[in-house]
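1. Let's see this in three dimensions:
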Amino acid sequence: MKIIKTFCLLASFIVSTWVQAGGNDEVWRQALTGEHRTPAYVQRDVYRHPQATLEFFAITPRSTVVEIWPGGGWYTEILAPLLKDQGLLYAAHFNIDSRVAYFRNSRSAFDSKLKANPTVYGKVVTTDLMPPQHVVIAPAASADAVLTFRNVHNWMKSGKADAVFAAMYQALKPGGVLGVVEHRAKPGTTEQAMIASGYVTEAKVKALAQQAGFEFVASSEINANPKDSANHSEGVWTLPPSLRLGDEQKAHYLAIGESDRMTLKFTKPK
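-> Coordinates of the predicted model:
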């Protein structure tokens with residue numbers, strides 16, 4: 001009798017796992033290919049590898065995630081539908097009453113985007129991140145993961161990198177994941193050159209994270225681009241999608257594609 005009961009329990013577990021895996025596949029498919037996605041954003045998937053990147057950061061449909069400075073919502077378009085039924089997404093954006101017009105306008109456009117499609121974005125919780133006044137990006141120790149995409153150079157420029165990494169540490173559960181994607185500078189690049197170019201060394205990102213208390217776990221070459229020399233007249237903004245030089249050598253920069261990027265995973269110690 002015990003053998004039969006054990007077999008039934010095992011069979012039930014296998015079926016449940018199989019069903020959930022299939023369900024997760026469908027959730028991923030809808031998040032990546034749904035009609036809510038901006039066509040121009042979809043074209044960047046070839047450079048940004050969203051599913052592989054998020055899976056490297058251990059994101060599942062059940063995760064509680066904080067996305068840092070989501071900008072126009074490129075990753076929000078994927079994370080929001082992925083998490084809306086079983087997980088939770090916090091979008092830690094600029095504060096709407098910032099004295100900087102760019103920050104106010106970016107936040108306003110993001111808020112409008114969310115309000116325009118409540119089916120996809122209705123459960124997104126928007127918070128403010130602008131040190132030193134605004135640093136509570138989610139309830140303390142509540143997030144399974146905090147993710148930042150191509151933001152570290154901005155925090156270095158404003159002198160707020162330490163405060164942001166501390167805020168991310170505070171929001172994470174013990175054992176939670178900090179995922180960082182950033183434009184990658186060559187080893188030995190000076191800090192001044194990093195700020196000017198938008199490219200940051202892996203050593204600098206690791207130092208900032210470890211200073212905040214994080215432990216380095218692993219790196220991935222998911223978002224590497226060996227065509228990118230990381231040496232351009234207008235820094236990383238020379239390349240798409242910015243193409244700051246306009247038509248000047250446009251074909252050349254389009255052929256390079258988006259920047260070479262590090263993909264680093266850290267954890268908050270248990």
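2. Only C-alpha atoms from now on, for both contacts and neighbour counts.
-> OK.
3. Buried ones in stretch 221-240, by neighbour count?
-> Ile222, Asn223, Ala224, Asn225, Asp228, Ala230, Gly235, Val236, Trp237, Thr238, Leu239, Pro240 (16 or more other Cα atoms under 10 Å).
4. can you confirm the fourth one is in a strand?
-> Which is Asn225. No: secondary structure of Asn225 (DSSP: H, G, I helix; E, B strand; the rest coil): coil, not part of a strand.
5. Quick check: it vs Ala255, distance?
-> Separation of Asn225 from Ala255 (Cα to Cα, to the nearest Å): 11 Å.
6. Check the third one too.
-> From Ala224 over to Ala255 the distance is 15 Å, taken as Cα to Cα.
7. next one: the fifth one
-> Applying Cα to Cα, one obtains 10 Å for the distance of Asp228 from Ala255.
8. And the closest residue to Trp69 other than its chain neighbours, how far from Lys113?
-> Once flanking residues are discounted, Trp69 sits nearest to His93: 4.6 Å by Cα to Cα, 6 or more residues apart in numbering. Going from His93 to Lys113 by Cα to Cα gives 13 Å.
9. Who has more neighbours out of the two?
-> More neighbours surround His93 than the other of His93 and Lys113, with 24 against 15 (other Cα atoms under 10 Å).
10. I figured that one hits Val124, correct?
-> No: His93 lies out of contact with Val124 (Cα atoms under 8 Å); the separation is 11.9 Å.
11. got any residues that touch both of the two?
-> Here His93 and Val124 have no joint contacts, going by Cα atoms under 8 Å, 6 or more residues apart in numbering.
12. Strand partners (parallel or antiparallel) of the lengthiest strand in the chain?
-> Across the chain, the strand with the greatest residue count (assigned by DSSP state E) is strand 172-183. Strand pairing for strand 172-183, using DSSP bridges, gives strand 143-149 (parallel), strand 261-267 (antiparallel).
13. Averaged pLDDT, the last one. What do you get?
-> Averaged across strand 261-267, the pLDDT comes to 98.
14. Give me the residues contacting that strand.
-> Residues contacting strand 261-267 (Cα under 8 Å, 6+ apart): 53, 57, 174-184, 202, 209, 214-225.
15. Write down the beta-bridge partners of the residue nearest to Trp69, one by one.
-> Beta-bridge partners, per DSSP bridges, of His93: Asp128.
16. For it, which residues are in contact?
-> By Cα under 8 Å, 6+ apart, the contact set of His93 is Ile68, Trp69, Pro70, Gly71, Arg107, Thr126, Thr127, Asp128, Leu129.
17. mind redoing it with 10 Å?
-> Going by Cα atoms under 10 Å, 6 or more residues apart in numbering, His93 touches 67-73, 103, 106-107, 110-111, 126-130, 137.
18. Contacts only, for the residue nearest to Arg48 when sequence neighbours are not counted.
-> Using Cα to Cα, 6+ apart and skipping the chain neighbours, the partner closest in space to Arg48 is Asn223 (6.1 Å). By Cα under 10 Å, 6+ apart, the contact set of Asn223 is 46-50, 52-53, 181-183, 258-263.
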